[in-house]
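Q: Here is my input, please return the structure:
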Amino acid sequence: MAALVLSGCNRKIEPISKSGFLLNTYVTVTIYDKDDPKILEGCMELCRSYENILSKTLEGSEVYKLNHRPSNQQTMTVSDDLKNLITRAEYLSKLSNGGFDITIEPLSSLWNFTSENPVIPSEEEIKKDVAKVDYRNLKLEENNLTFLSPDTTLDFGAIAKGYIADRLKDYLLEQGVKSAIINLGGNVLCVGEKPDGTPFKVGLQKPFADRNETIETLNIKDMSVVSSGVYERHFIKDGVNYHHLLDPKTGYPFHNGLVSVTIITKISGDADGLTTACFSQGLEGGLKLINSLDGVYGIFITDDYEVYYSNGAKEFLEVKP
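A: Residues are numbered from 1 along each chain as shown. Here you go, the predicted structure:
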């Protein structure tokens, strides 16, 4: 996910914050209205517990076990967390006509965007793995997940951080926290507002620029801001930018003129998944999709650095045009 930049909060009592490298990213939780480090440690523990459920690479995680199931086992029991995630993923897949797809694992594992010497997979390898990707090969009944194809494997990377942010918010509210920022590697969820009643400031990173260089600043109260961009986890080969946002239908990264999609909405898991869903639709389709949803707002940046807003999105701008 693309990085977001957070501004500070001026107040007499300093906020408390804790960071750690979890979920394969930097996690930071900042609390503004309670001075209790134990709550922050609880947030880190919660992240670790979800890593043990959702990681596709951590041996022994629930997703790892599903992906390495015995060849003769079609149906497996899943936890409530995975049940909830799969249900939401199915909704996003239908909404985007398969542009969002958690069965993309064969392709996401085929590509390596962080290697020192990245290699473009062969066309034969890509075609072979594209054939394995289809969310309709999953059948969920209560907590029983049936794989209709032995080749189907799961990758929750496009929705997991948002879902975890939502669960962290639930935990903070249970602890009596009413003012906080959860930042999971750029997936930002603002709990409430600043203690003085003003909104949090969330800056949108300028594509391909320094992490602290922003293109817009947003005023956010009790909502999530999630960005995806073609400048995070990418490499350039022969003048072509290959990035981690893969098209399930072609096996190659999306190339449709979009370089960044930002979604603002209450539920961080939805914001997370919708960035990918919108990338799959392109600018026109993505705007149409967001404008069809209640309480969801989108900001789209194209490769010529033009910024486009869904209905109502400009209301969040600190400086309105």
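Q: So Leu154: helix, strand or coil?
A: Here Leu154 takes the coil state, with states given by DSSP: H, G, I helix; E, B strand; the rest coil.
Q: OK, contacts around it?
A: Neighbouring residues of Leu154 by CB atoms under 8 Å, 6 or more residues apart in numbering: 56, 63, 66-67, 102-103, 105. Backbone N, C-alpha and C define where each C-beta goes, glycine included.
Q: All the helices of the protein, residue numbers only.
A: Assigned by DSSP state H, the helices in the chain fall at 37-54, 62-67, 80-95, 105-110, 123-130, 160-174, 268-291.
Q: Leu173 and Lys38: what is the separation?
A: Going from Leu173 to Lys38 by CB to CB, to the nearest Å gives 16 Å.
Q: between the two, which one's more packed in?
A: Leu173 (13 against 7; other CB atoms under 10 Å).
Q: and that one, what does it touch?
A: The contact partners of Leu173, taken as CB under 8 Å, 6+ apart, are Val191.
Q: if you set the cut-off to 10 Å instead, what comes out?
A: Residues near Leu173 by CB atoms under 10 Å, 6 or more residues apart in numbering: 180, 191-192.
Q: Let's have the residues you listed in TSV, adding distance to Lys314, pLDDT and neighbour count.
A: Listed next are the contacts of Leu173 as TSV, based on distance: CB to CB, whole Å; pLDDT from 0 to 100; neighbours: other CB atoms under 10 Å:
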residue	distance to Lys314	pLDDT	neighbour count
Ala180	26	98	27
Val191	24	98	26
Gly192	23	98	20
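Q: between those, which is closest to Ala165?
A: Taking CB to CB as the measure, Ala165 sits nearest to Val191 out of those, at 9.8 Å.
Q: hmm, back to that, can you pick the most crowded of the contacts of Leu154?
A: Each of those was scored for neighbours by other CB under 10 Å, and Ile102 scores highest at 27 neighbours.
Q: Which residue, other than its chain neighbours, is closest to that residue?
A: Of all residues not flanking Ile102 in the chain, Ala89 sits nearest, at 4.5 Å (CB to CB, 6 or more residues apart in numbering).
Q: I'd assumed Gly273 was in contact with the one you found.
A: Yes - Ala89 lies in contact with Gly273 (CB atoms under 10 Å); the separation is 6.9 Å.
Q: coming back round to it: what about the contacts of Leu173, which are in strands?
A: Secondary structure defined by DSSP state E assigns 180, 191-192 of these to strands.
Q: ok, back up a step: export the contacts of Leu154 to JSON lines and tack on distance to Glu318 and pLDDT?
A: Below are the contacts of Leu154 laid out as JSON lines (distance: CB to CB, whole Å; pLDDT from 0 to 100):
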{"residue": "Lys56", "distance to Glu318": "38", "pLDDT": "95"}
{"residue": "Val63", "distance to Glu318": "39", "pLDDT": "98"}
{"residue": "Leu66", "distance to Glu318": "43", "pLDDT": "98"}
{"residue": "Asn67", "distance to Glu318": "43", "pLDDT": "98"}
{"residue": "Ile102", "distance to Glu318": "35", "pLDDT": "98"}
{"residue": "Thr103", "distance to Glu318": "40", "pLDDT": "98"}
{"residue": "Glu105", "distance to Glu318": "39", "pLDDT": "97"}
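Q: Just tell me which of the helices of the chain ends up closest to Asn24.
A: Nearest to Asn24 among those is helix 37-54; the distance by CB to CB comes to 8.4 Å.
Q: so how far is that closest one off the chain centroid?
A: In terms of CA atoms, centre = their mean, to the nearest Å, the centre of helix 37-54 is set 18 Å apart from its chain centre.
Q: what pLDDT, on average, does that helix get?
A: Average pLDDT, helix 37-54: 97.
Q: For that helix, buried residues please.
A: In terms of neighbour count (16 or more other CB atoms under 10 Å), helix 37-54 has its buried residues at 39-40, 42-44, 46-47, 50-51, 53-54.
Q: Since that was my last question, I'll sign off now.
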